[in-house]
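S.K.: Need a 3D model of the sequence below.
(chains A, B, C and D)
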Number of protein chains: 2
Amino acid sequence: MTDSTVVPLQALKVSCSNCTLRELCLPLGLNREEMTRLDAVIRQSRRLKRGEALFRSGEGFKSLYAVRTGFFKTCISSQDGREQVTGFHMSGELMGLDGISANVHGCNAVALEDSEVCELPFSRMQNLALEIPSLQHHFYRLMSREIVRDHNVMMLLGNMKAEERLAAFLINLSQRLTVRGFASNDFILRMSREEIGSFLGLKLETVSRTLSKFQQQGWIAVDHKHIQLVQPEQLKQLVAGCANAHPTPNH
Amino acid sequence: MTDSTVVPLQALKVSCSNCTLRELCLPLGLNREEMTRLDAVIRQSRRLKRGEALFRSGEGFKSLYAVRTGFFKTCISSQDGREQVTGFHMSGELMGLDGISANVHGCNAVALEDSEVCELPFSRMQNLALEIPSLQHHFYRLMSREIVRDHNVMMLLGNMKAEERLAAFLINLSQRLTVRGFASNDFILRMSREEIGSFLGLKLETVSRTLSKFQQQGWIAVDHKHIQLVQPEQLKQLVAGCANAHPTPNH
DNA sequence: AGTAAGCCTTGATGTTGGTCAAAGCGTTGG
DNA sequence: CCAACGCTTTGACCAACATCAAGGCTTACT
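M.R.: Numbering: from 1, shown residues only, chains lettered A, B, ... in the order given. Model prediction:
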């Protein structure tokens, strides 16, 4: 609409210290000086269009990325072209942790809507972490949380039935939206049925059919990508049995 | 056989600096002083009997553990008792990384044969990591490697057929044995068919049937837990198509 | 605004792997 | 050394999900 040069400078100069996502992505209890040093390292606001890749598997690893606004999927693909979505990522979530091990990105990260990310140059973050113990600890915690999440996905893929998987998926989305202050029972899916299926180890037809089934039972209302959870308790009940017996609190 | 008090002291005093697993579990290029400090923090040799748990989901998290000798499984269980094996672990491999995020262990770690582990008290390791940059980096790399491994398991569970899963499993075991200097085509499975199945998202009968099928084709020889890979190339070929298109080198 | 492409839904049919059952073999512990 | 238990194998049958196919709807591009 307007040329970017006329956007007030203030709007561009978003720093970690005043970012609304602070408690989602940064360690708590940094003092002013530490915050300033962090601000100096993190590059704000790289923008991506829907469909654009933030990084691709095999590319050199330089930085982690935090979602600022928008929505991403990460996925890996096999030699013969099968794709596995390894995660969906919304504001405050970090992507690229799998690139550290070999200094090469291990997955593709693709924006599912127009999005904005913060770039965290990893080697500079590492140096900072040596001097700010809570930052070091914070990164260990973040990586550990990703491992916990992955193990729960294994449980989902290894043990759960189609209905359980989809219910778990919807409840999970709903909870993450709640944390971010969005409506938890009324949302737009940013991904296609095929991408949901890839993540859940199902075919797109099964995803579609299962959504229809939930709708018939009056548990949800489906209008294409617009989903309403009418009876979320029913979904939760469906997931209750197969959920981790020792769920890890998120913080 | 003999009482432990008569074992020569030398045999008990194994330190990281002279451990044969050094290049599997420690960062390279530590100087003598750094090594000494590491030795001071890592507690050697806790022994476990077959079937014994090293830690359990929900217990307070204090330490990471490195397998010294033996073999472990890690698993999580759901409220209604379904179990998902999240990994098998052999010498030089680290367990417990999922406990960092919430200060509580996120899985059970169980010895599948008589085993020995080194204990790495995490908070002391963290402090050490602040002073030894390569140690800090090493831990980031280890955790990242676990994430990469988990993503590959997702691909396995989400996209691969029973035969592909089992072939991938056998090839993976074989490769890890090779690295450790063991025979790569002739080994004893330490886990049951059911545990293999749990890891691969299959039922034990399917595991058994698929092993039989491989044997009929002359690719492997199965004698209960004793497995020989007669034509490992065939197994590799089966896995080739569904393997990660951008495999991450292990180091 | 019109049109093509992509996405979603639904139905009919097929296949893989799960379930149930029984028997053999090994191992362990008394 | 024997008995009991657990693990494995194999067969018969079944269910869940995949595959194939067609039609409708939405979106995006010109």
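
S.K.: Following element in sequence after the top helix by length along chain A, please.
M.R.: Assignment by DSSP state H gives helix A:133-159 as the longest helix of chain A. Downstream of helix A:133-159, the first helix or strand assigned by DSSP states H and E is helix A:162-179.

S.K.: That following helix and DNA strand D, any residue contact?
M.R.: Yes: judged by C-beta under 7 Å from any atom of the strand, helix A:162-179 comes into contact with DNA strand D at A:162-163. (Glycine included, C-beta is placed from N, CA and C.)

S.K.: just to revisit the earlier point, buried by neighbour count: which residues of the longest helix of chain A qualify?
M.R.: Within helix A:133-159, the residues that count as buried by 16 or more other C-beta atoms under 10 Å in any protein chain shown are A:135-159.

S.K.: now stretch A:29-36
M.R.: Buried-residue list, stretch A:29-36, by 16+ other C-beta under 10 Å: A:30, A:34-35.

S.K.: right, is the longest helix of chain A up against chain B?
M.R.: Yes: with C-beta under 8 Å from any C-beta of the partner chain as the criterion, chain B is reached by helix A:133-159 at A:133, A:136-137, A:139-148, A:150-155, A:157-159.

S.K.: Packing partners of that helix?
M.R.: Using 3 or more C-beta pairs under 8 Å, 6 or more residues apart in numbering or on different chains; DSSP states H and E, the elements in contact with helix A:133-159 are strand A:83-89, helix A:122-131, helix A:162-179, strand B:71-77, strand B:83-90, helix B:122-131, helix B:133-159, helix B:193-200.

S.K.: For the fourth one, name the packing helices and strands.
M.R.: The reference is to strand B:71-77. Judged by 3+ C-beta pairs under 8 Å, 6+ apart, the packing partners of strand B:71-77 are helix A:133-159, strand B:83-90, strand B:108-111, helix B:193-200.

S.K.: repeat that with 6 Å
M.R.: Counting by 3 or more C-beta pairs under 6 Å, 6 or more residues apart in numbering or on different chains; DSSP states H and E, the packing neighbours recorded for strand B:71-77 are strand B:83-90, strand B:108-111.

S.K.: for the first one, same thing?
M.R.: Packing partners of strand A:83-89 (3+ C-beta pairs under 6 Å, 6+ apart): strand A:72-77, helix A:193-200, helix B:133-159.

S.K.: export those to TSV and tack on mean pLDDT and distance to DNA strand C?
M.R.: Below are the helices and strands packed on strand A:83-89 laid out as TSV (pLDDT from 0 to 100; distance: least, C-beta to the nearest atom of the strand, whole Å):
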stretch	mean pLDDT	distance to DNA strand C
strand A:72-77	98	12
helix A:193-200	98	4
helix B:133-159	97	11
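
S.K.: Now tabulate those in CSV and tack on distance to residue A:226.
M.R.: Output for those, formatted as CSV (distance: least, C-beta to C-beta, whole Å):
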stretch, distance to residue A:226
strand A:72-77, 19
helix A:193-200, 14
helix B:133-159, 26
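
S.K.: Tell me how chain A divides into domains.
M.R.: A:4-133, A:160-240 (automatic domain parsing).

S.K.: Nearest to residue B:240, out of those?
M.R.: The closest of the domains of chain A to residue B:240 is domain A:4-133. By C-beta to C-beta, the value is 6.3 Å.

S.K.: What is the distance between that closest one and the centre of its chain?
M.R.: Its chain's average C-alpha position is 11 Å from that of domain A:4-133, according to C-alpha atoms, centre = their mean, to the nearest Å.

S.K.: Okay, residue A:243 and DNA strand D: tell me how far apart.
M.R.: Going from residue A:243 to DNA strand D by C-beta to the nearest atom of the strand, to the nearest Å gives 17 Å.

S.K.: still on that earlier bit, considering the domains of chain A, which stretch scores lowest in mean pLDDT?
M.R.: If these are sorted by mean pLDDT, domain A:4-133 sits at the bottom with a mean of 90.

S.K.: what about whichever residue of the stretch 1-150 of chain A sits closest to DNA strand C, how many residues close to it?
M.R.: Nearest to DNA strand C, among the residues of the stretch 1-150 of chain A, is residue A:51, at 9.2 Å (C-beta to the nearest atom of the strand). Residue A:51 has 10 neighbours, counted by other C-beta atoms under 10 Å in any protein chain shown.

S.K.: what helix or strand does it sit in?
M.R.: For residue A:51, there is no enclosing helix or strand under DSSP H and E.

S.K.: who's in contact with it?
M.R.: Shown in contact with residue A:51 (C-beta atoms under 6 Å, 6 or more residues apart in numbering or on different chains): no residues.

S.K.: Would you confirm that residue A:203 contacts residue A:196?
M.R.: No: counting by C-beta atoms under 6 Å, residue A:203 does not reach residue A:196; the two are 10.4 Å apart.

S.K.: out of these two, which sits in the more crowded spot?
M.R.: For the pair residue A:203 and residue A:196, the greater number of neighbours falls to residue A:196 (24 against 14), based on other C-beta under 10 Å.

S.K.: dump the residue contacts of the more buried one.
M.R.: Taking C-beta under 6 Å, 6+ apart, we find residue A:196 in contact with residue A:207.

S.K.: Next one: it from residue A:202, what distance?
M.R.: 8 Å (C-beta to C-beta, to the nearest Å).

S.K.: got it, and residue A:34?
M.R.: For residue A:34, the distance to residue A:202 - C-beta to C-beta - is 45 Å.

S.K.: and if you look at residue A:164?
M.R.: From residue A:164 to residue A:202 the distance is 11 Å (C-beta to C-beta).

S.K.: same check, this time on residue A:163
M.R.: Between residue A:163 and residue A:202 the computed distance is 10 Å (C-beta to C-beta).

S.K.: what sits opposite residue A:95 in the beta ladder?
M.R.: Note on residue A:95: beta-bridge partners residue A:65, judged by DSSP bridges.

S.K.: okay if I get the buried residues of stretch A:29-36 as a markdown table plus secondary structure and distance to residue B:242?
M.R.: Formatted as a markdown table, the buried residues of stretch A:29-36 follow (DSSP: H, G, I helix; E, B strand; the rest coil; distance: C-beta to C-beta, whole Å):
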| residue | secondary structure | distance to residue B:242 |
| --- | --- | --- |
| A:30 | coil | 44 |
| A:34 | helix | 46 |
| A:35 | helix | 46 |
